[in-house]
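> What would the 3D arrangement of this be:
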Amino acid sequence: MIRILIADDHLIIRQGLRLILETEPGFELVGEASDGSQALELCRKLKPDVVLMDLRMPNMDGLTAIQRLHAEMPQIAVVILTTFNEDDLMLRGLQSGARGYLLKDTDRSALFDTIRAAARGETLLKPEIMARLLSLTSPASSGGTGAEPLSLTEREQEVLESVARGERSKEIASHLGISERTVKAHLASIYSKLGVDSRAAAIAIAAQRGMLKG
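Below you'll find the model as predicted:
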């Protein structure tokens, strides 16, 4: 059972999500928050597996809440769910530790798939979101805490691109002909070189630096 918390300042959005989630076996809605600070409070009490987080909320916005949640309770997965199609906020949210990004007009199956991927500790970005990330590539960029693109080995690059396609560790291991343990070792090395600690953040940073093939 995947335990879910919704953080959105619009009651009608929370009600709609509740109705959708209640129809799907394996999901349990454990709480609702109307702003970022309430979301943090409820996360401390309820320990959900996944938080569906709006970015624009009063008192404490979703981006700040994601940053604090990731620092305090990194085991809780966050999926950004927003009306706004803003690339800068998307990148910042993923870099801050969110494991997925969906627009509120997404279909049910994409919502369910993204929640399940986030609960597994994986990242699942819709093709159009991935395309937007790739459109923001900046090969000359050297800002941030990560290393230069050429510092990745050929195998690490293959693993990174597989992760960007939404593949699980098991799938990556299978098509590269290596063990899951080796995949995890490569991921750890990639995270270290890019200065991140999640798949989504690695994808966001790599896209910014022009390290992913379009």
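> do you know how far the most far-flung residue of the chain relative to its centre is from Arg155?
Relative to the C-alpha centroid of the chain, counting by Cα atoms, centre = their mean, Gly177 is the outermost residue, at 26.6 Å. Note on Gly177: its distance to Arg155, by Cβ to Cβ, to the nearest Å, is 11 Å. (Each C-beta comes from the backbone N, C-alpha and C, glycine too.)
> Show the contacting residues for Ala110.
Leu102, Lys126 (Cβ atoms under 8 Å, 6 or more residues apart in numbering).
> how about it, secondary structure?
helix (DSSP: H, G, I helix; E, B strand; the rest coil).
> With His175 instead?
His175 is classified as helix under three-state DSSP.
> Now it. Nearest residue, chain neighbours left out?
Among residues not flanking His175 along the chain, Ser162 sits closest, at 7.4 Å (Cβ to Cβ, 6 or more residues apart in numbering).
> Please apply the same query to Ile115.
Going by Cβ to Cβ, 6+ apart, Ile115 has Val50 as its nearest residue, at 5.4 Å.
> just checking, that neighbour touches Leu81?
No: Val50 is beyond contact range of Leu81, at 10.7 Å (criterion: Cβ atoms under 8 Å).
> And the lowest mean pLDDT element among the helices and strands of the chain?
helix 127-135 (a mean of 70; mean pLDDT, DSSP states H and E).
> Check the gap between Arg108 and Leu17 for me.
11 Å.
> ok, those two, which is more surrounded?
Just comparing Arg108 and Leu17: by other Cβ atoms under 10 Å the higher neighbour count belongs to Leu17, 19 against 11.
> The nearest residue to that one once chain neighbours are set aside: neighbour count?
Nearest residue to Leu17, sequence neighbours excluded (Cβ to Cβ, 6+ apart): Ile6, at 5.3 Å. Residues lying near Ile6 (other Cβ under 10 Å) number 26.
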